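> Attaching a predicted model along with its sequence, questions to come.
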Amino acid sequence: MELAGMSQTKAYLHGNGDMKKTLVVVFLRGGADGLALVPAVGDDGYHRLRPRIAVSEKEAIKLDDRFGLNPLMSALSPAVKEGALTTVHCAGSEAATHSHFEAQDLVEHGGNSGGGWLGRFLRFRERTSAGALSAVALGRTVPESLRGAPSATAMDSINDFAFTGSEHFVRSLQLLYRDQAGVFGARANDTFRAMDRLRKLHSKDYSPANNTQYGSDRFSTELRLAAQLIKAGLGTEAITIDLGGWDSHISQGPSIRSNITR
């Protein structure tokens with residue numbers, strides 16, 4: 001799925017004007033079945049090949065004469081009607097693989113070039129920052145899609161992004177690198193500034209806009225953290241979030257329903 005608005009996309013790519021956008025990428029890890037999320041309800045072949053798990057045309061939320069949204073995704077219907085959400089059909093790799101792991105790698109690398117597609121995008125985009133928080137992976141590791149970015153940081157929570165030593169130790173490090181010249185010194189000092197801003201951010205109570213209520217599960221917590229980072233104005237240009245559990249080799253119907261509704 002993609003957010004609509006090519007003019008905004010071009011502005012983001014070329015750094016036009018004063019627009020400060022943050023690209024948030026949610027990866028359905030495990031190999032989400034696209035035809036379960038966006039079924040081809042207007043295609044006879046779809047119903048013939050999926051007699052037990054196909055979504056009926058009557059049930060689906062109509063997108064066009066051929067495709068519809070799974071009815072369990074009705075919360076996204078307003079975004080579709082407003083033109084804020086769209087889907088890309090029949091797009092993928094020509095590689096004939098039945099491995100979800102290989103398919104995920106192909107998607108994240110976006111081709112045979114080095115690094116990940118998002119890392120290359122940030123590396124070649126005009127005015128891309130190399131700050132410590134310019135690209136943030138919410139989780140314990142940086143995903144393949146961010147490999148090759150000018151800078152990328154993995155973060156489980158704001159609480160975890162801090163030195164474990166004493167205040168004296170931290171001040172000593174800051175003094176050590178304060179006058180350090182070159183890229184190394186610049187990166188170190190940028191990291192210190194980012195950590196200081198995050199520490200202040202943690203000390204404040206965060207109130208989501210529009211009375212938004214986040215759940216207590218991991219995905220909801222990461223969405224809340226993403227919103228907090230964006231609103232803090234830390235110069236974050238890209239955030240990645242992994243939503244796992246989409247490998248449905250067996251029990252396709254129950255597992256898909258569970259994932260969509262959680």
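Right, received. Where do you want to start?
> got a pLDDT number for residue 189?
In this prediction, residue 189 carries a pLDDT score of 79.
> And the strand or helix carrying residue 173, how far out from the chain middle?
Taking DSSP states H and E as the definition, residue 173 sits inside helix 167-178. Chain-centre distance of helix 167-178: 34 Å, with CA atoms, centre = their mean, to the nearest Å.
> Could you do stretch 25-38 as well?
Centroid separation for stretch 25-38 versus its chain: 13 Å, with CA atoms, centre = their mean.
> on that earlier part again, tell me the buried residues in the helix holding residue 173?
For helix 167-178, a neighbour-count test (16 or more other CB atoms under 10 Å) marks residue 170 as buried. All C-beta spots, glycine's among them, are computed from the backbone N, C-alpha and C.
> can you check stretch 233-246 too?
Result for stretch 233-246 [16+ other CB under 10 Å]: buried residues 234, 235, 236, 237, 238, 239, 240, 241, 242, 243, 246.
> Pull it out as PDB, backbone CA atoms only.
Provided in PDB are the C-alpha atoms of stretch 233-246 (Å, rounded to 0.1, in the frame of the first residue of the first chain):
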ATOM      1  CA  GLY A 233      11.600  17.600  15.700                       C
ATOM      2  CA  LEU A 234      14.800  15.600  16.000                       C
ATOM      3  CA  GLY A 235      15.400  15.600  12.300                       C
ATOM      4  CA  THR A 236      14.200  12.000  11.800                       C
ATOM      5  CA  GLU A 237      13.700  11.400   8.100                       C
ATOM      6  CA  ALA A 238      12.800   7.700   8.100                       C
ATOM      7  CA  ILE A 239      11.400   5.300  10.600                       C
ATOM      8  CA  THR A 240      11.000   1.500  10.100                       C
ATOM      9  CA  ILE A 241       8.700  -0.700  12.100                       C
ATOM     10  CA  ASP A 242       8.400  -4.500  11.800                       C
ATOM     11  CA  LEU A 243       5.100  -6.300  12.300                       C
ATOM     12  CA  GLY A 244       5.800 -10.000  12.500                       C
ATOM     13  CA  GLY A 245       3.700 -13.100  12.300                       C
ATOM     14  CA  TRP A 246       2.700 -13.100   8.700                       C
END
